[in-house]
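Novice: structure for this input, please:
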Amino acid sequence: MNKKLALISLLSFLALMITTQTARAATITSATLDKNTYLAGQTGYISVSVYNDKSEKIRVEELSATINYYYTDGTVYVQKFFTSATLPDEISPGQTETFQIPISLPTNIAAGYTNPTVEAKTDLWRTQDSRWTTSDHPTYPVKLYIESPYKQSSETLASNVNLLATTTIVFASAAAFLGFLVFARRIKPIPSQQP
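Specialist: From the prediction side, this is the model:
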């Protein structure tokens, strides 16, 4: 009975070890947006660096960014963007490749923060049997800020008011200076001398 229990325990332990081991072939070392702030309807891109941390070459099969966001009416929407690079792309051991994922925000996206997730699907080259094997799918979170159109319009209004005030002060100063010149340089009559 103890031998069966020991065998079952050993098989369970081995099964657990096999399922928890995955071939990690790549790491996403960074994912950055091209702007700090976006407006509704703007386009941009995410720069993604993929590092090969294995002793064999890897290839990137797919690189994407998934954005969950709300429309202004409260509807939830999920959109997935893919890299513009030609894939698959091989990366040598210890090397890093940088890719760009173009993004385009809808015109009715709600303002605020959203957290896109960048994901790379990679394969690992197995020299022992000369073939590619599916590997891991590293992910990397990004923080994206969409500015409110009301904030933009209030900043535009404030900028226009500041421009108007500055222009008014410049013209008033110029008029005052010209007035000073006209009145200060008035021709004064020479007093006549009487004998």
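Novice: any regions of this structure where pLDDT drops low?
Specialist: 1-25, 150-158, 161, 184-195 (pLDDT under 70).
Novice: residue boundaries of the helices in it?
Specialist: 2-20, 149-184 (DSSP state H).
Novice: state the phi and psi torsions of residue 86.
Specialist: With angles defined as degrees, to the nearest 10, residue 86 sits at phi -80, psi 120.
Novice: okay, buried residues for stretch 80-92 please.
Specialist: 81, 83, 89, 91 (16 or more other Cβ atoms under 10 Å). Where C-beta positions appear, they are placed from N, C-alpha and C, glycine not excepted.
Novice: so how far is residue 100 from the residue most central in space within the chain?
Specialist: The centroid of the chain falls nearest to residue 33 when counting by Cα atoms, centre = their mean (1.9 Å). From residue 33 across to residue 100, the span is 11 Å (Cβ to Cβ, to the nearest Å).
Novice: what touches both of the two?
Specialist: Contact with both residue 33 and residue 100 is made by residues 45, 46, according to Cβ atoms under 8 Å, 6 or more residues apart in numbering.
Novice: returning to what we had before: the residue nearest to the centre of the chain contacts residue 146, correct?
Specialist: No: in this structure, residue 33 is not within contact of residue 146 by Cβ atoms under 8 Å, at 11.3 Å.
Novice: anything in contact with each of those two?
Specialist: Common neighbours of residue 33 and residue 146, counting by Cβ under 8 Å, 6+ apart, are absent.
Novice: who does the top strand by length along the chain pair up with?
Specialist: Longest strand of the chain, by residue count under DSSP state E: strand 58-70. In the sheet, strand 58-70 lines up against strand 76-82 (antiparallel), strand 89-91 (antiparallel), strand 117-126 (antiparallel) (DSSP bridges).
Novice: domains for this structure, by residue range?
Specialist: Under the assignment named as automatic domain parsing, the residue ranges that make up the domains of the chain are 22-147, 149-182.
Novice: distance of residue 66 from residue 39?
Specialist: Residue 66 is 21 Å from residue 39, by Cβ to Cβ.
Novice: and for residue 112?
Specialist: For residue 112, the distance to residue 39 - Cβ to Cβ - is 13 Å.
Novice: including distance to residue 57, could the strands paired with strand 58-70 go into JSON lines?
Specialist: Formatted as JSON lines, these follow (distance: least, Cβ to Cβ, whole Å):
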{"stretch": "strand 76-82", "distance to residue 57": "22"}
{"stretch": "strand 89-91", "distance to residue 57": "5"}
{"stretch": "strand 117-126", "distance to residue 57": "5"}
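Novice: need the contact list for residue 40.
Specialist: 105, 106, 107, 108, 109, 111, 146, 149.
Novice: phi first, then psi, for it.
Specialist: phi -60, psi 140.
Novice: how near is it to residue 147?
Specialist: For residue 40, the distance to residue 147 - Cβ to Cβ - is 8 Å.
Novice: great, nothing more from me.
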